[in-house]
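Okay, sequence plus prediction incoming.
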Amino acid sequence: MEASPDRDLILRARRGDPEAFGELVRAHQAGVFNVCYRMMGERREAEDMAQEAFLRAYERIHTFDVERPFGPWMRRVAANVCLNQLAAHKPEPAELDEERDADPAPLPESGREVQEEAERVRDALRRLLPHYRAVIELRHYQDLSYDEIAAELKIPLSNVKSHLFRARKILAESLSHEPSLR
Amino acid sequence: MNHLSDEILNEYLDDVLPPDARAEVESHLRDCADCELSLDQLADLFFELSALPDAELTRDLSADVVRTLTPQPLPRLLKWMALLQVAAALTALVASLPLLQTMFAMDVPAITLPTLLDLTLRFEQAVVEMKTLFTPYQWQMPRLSFEVSSLYITVAVFSVTLLWLVGNGLLLRKSNLIRS
């Protein structure tokens, strides 16, 4: 197995070096933020959750196997932090905050189409129940197997499948695919 | 013709079906336009999800994370509190020296089975004597070899306990792992 390129930073962070952990944050924050953005559906909240996920990871860094890659572990931590947050504070039906979620830079015509399509998918994800969002995140964006998702979310394998298939059906309907998935 | 179930279509695209089941699905798809259409629509969804571009993170999170994790320097009050604790501990140690000398002067026998039996017997005797001694119950404050009133000792013990609790309570509140 290939050793984690972040190994030295993780070992330093374990010895209580916040600057070393800061370097890990810089290296992985974009990926972690995107997990949180897909899970929370709102940019500002996603940033807060990403920060919270890093702090949670720092507290648990002694449990991390340094021989494994840090990124996937960190993204799983982030998904769990978001799921817990969503479960604890049932959000209002997601409404886009145009100002906060607007892309920072204006886009050309082709870019705008891509952005609109992305927003359509994000909007559909936002409408899913939190546990449906979690299985979609772990399966489609973190590439976990059914068994790994069951272990990560601590739910039976049968629930993983039913949540995942149901979530896909809802997404397909939201994204205007004909709901012919029987 | 029986159509393929949602579950089978999902598992086919997730690539978790065993080879023989997968071959059966593919054989069915060749002859069933409805199922092929359903599969295509599900595959479209897979594609749309995978095509979602990453959003740009517009601020660096590391500064806030590092600031939260970096232990803050102790305020002056806490430093004085720590010094007071050390002074109180040293005073307690000096005050207990006569007791410590007495303890160290005791002849401690090697622990063997006979000495353990002997100690057990002595303990049982002591319990019986204590019961006799405290019947009827009559409490007296312990007397020390030097002239310090029991009120002073009570106040001293209370003060040291208070200092310890307040000092450590404040130190724990400052711990970087305990966040609001």
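Good, I have the coordinates. Residues are numbered from 1 along each chain as shown, chains lettered A, B, ... in the order given.

In contact with the residue nearest to residue A:170 when sequence neighbours are not counted: list those residues for me.
Leaving aside its chain neighbours, residue A:170 sits nearest to residue A:128 (6.2 Å; criterion: Cβ to Cβ, 6 or more residues apart in numbering or on different chains). Quick note: C-beta positions are derived from backbone N, CA and C, even for glycine. Residue A:128 sits next to A:136, A:167, A:170-171 when contact means Cβ atoms under 8 Å, 6 or more residues apart in numbering or on different chains.

which two in those are spaced the farthest apart?
Largest separation among the contacts of residue A:128 by Cβ to Cβ: A:136 and A:170, giving 9.8 Å.

From the neighbour counts alone, determine which of those two ranks first.
Legend: neighbour count by other Cβ atoms under 10 Å in any protein chain shown for residue A:136 and residue A:170, higher for residue A:136 (22 against 17).

The more buried one: which element?
Element membership for residue A:136, per DSSP states H and E: helix A:130-136.

Tell me the helices and strands packed up against that helix.
Packing partners of helix A:130-136 (3 or more Cβ pairs under 8 Å, 6 or more residues apart in numbering or on different chains; DSSP states H and E): helix A:18-40, helix A:70-88, helix A:146-153, helix A:157-174.

can you list these in a markdown table and add mean pLDDT?
Below are the helices and strands packed on helix A:130-136 laid out as a markdown table (pLDDT from 0 to 100):
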| stretch | mean pLDDT |
| --- | --- |
| helix A:18-40 | 95 |
| helix A:70-88 | 94 |
| helix A:146-153 | 95 |
| helix A:157-174 | 95 |
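
Contacts made by the helix holding residue A:136 with the rest, please.
Outside helix A:130-136, the residues that touch it by Cβ under 8 Å, 6+ apart are A:38-39, A:79, A:82-83, A:86-87, A:125, A:128, A:149, A:153, A:155, A:160, A:163-164, A:166-168, A:170-171, B:49.

how far does that helix sit from the chain's center?
Helix A:130-136 has its C-alpha centroid displaced from the chain centroid by 10 Å (Cα atoms, centre = their mean, to the nearest Å).

What average pLDDT does that helix get?
What helix A:130-136 shows for mean pLDDT is 95.

By mean pLDDT, point me to the weakest helix or strand of chain B.
Every helix and strand in chain B was compared by mean pLDDT, DSSP states H and E; the lowest is helix B:97-105, with a mean of 74.

State the next helix or strand along the chain beyond it.
Going down the chain from helix B:97-105, the next helix or strand is helix B:113-133, by DSSP H and E.

any chance of the helices and strands packed on helix A:130-136 in CSV, with distance to residue B:113 too?
Converted to CSV, the helices and strands packed on helix A:130-136 look like this (distance: least, Cβ to Cβ, whole Å):
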stretch, distance to residue B:113
helix A:18-40, 55
helix A:70-88, 54
helix A:146-153, 52
helix A:157-174, 58
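
Can you say which of those is packed in most?
Among those, ranked by average contacts under mean count of other Cβ atoms under 10 Å in any protein chain shown, first place goes to helix A:18-40 (a mean of 22).

and it, what other elements does it pack with?
If you count contacts as 3+ Cβ pairs under 8 Å, 6+ apart, helix A:18-40 packs onto helix A:7-14, helix A:43-59, helix A:70-88, helix A:109-126, helix A:130-136, helix B:62-69.

hmm, 6 Å instead?
Packing partners of helix A:18-40 (3 or more Cβ pairs under 6 Å, 6 or more residues apart in numbering or on different chains; DSSP states H and E): helix A:7-14, helix A:43-59, helix A:70-88, helix B:62-69.

a markdown table for those, including distance to residue B:11?
Converted to a markdown table, these look like this (distance: least, Cβ to Cβ, whole Å):
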| stretch | distance to residue B:11 |
| --- | --- |
| helix A:7-14 | 36 |
| helix A:43-59 | 31 |
| helix A:70-88 | 22 |
| helix B:62-69 | 40 |
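
what's the closest of the ones you listed to residue B:161?
Taking Cβ to Cβ, helix A:43-59 is the member of the helices and strands packed on helix A:18-40 nearest to residue B:161, at 31.1 Å.

Just the angle for the closest one relative to helix B:62-69, thanks.
Helix A:43-59 and helix B:62-69 are oriented at 50 degrees to each other (axes from the mean of the first three to the mean of the last three Cα atoms, to 10 degrees).

tell me the angle helix A:43-59 makes with helix A:70-88.
Counting by the same axes, to 10 degrees, helix A:43-59 lies at 120 degrees to helix A:70-88.

Need the contact partners of helix A:43-59.
The contact list for helix A:43-59 (Cβ atoms under 6 Å, 6 or more residues apart in numbering or on different chains) reads A:21, A:25, A:32-33, A:36-37, A:40, A:74, A:77-78, A:81-82, A:100-101, B:61, B:64-65.

Could I get the phi/psi values of residue B:61?
Main-chain dihedrals, residue B:61, degrees, to the nearest 10: phi -80, psi -20.

An error on my part: the question was meant for residue B:74.
Residue torsions, per degrees, to the nearest 10, at residue B:74 are phi -70, psi 140.

Identify the residue spatially nearest to residue B:3, adjacent ones excluded.
Among residues not flanking residue B:3 along the chain, residue B:35 sits closest, at 5.3 Å (Cβ to Cβ, 6+ apart).

Thanks a lot, see you next time.
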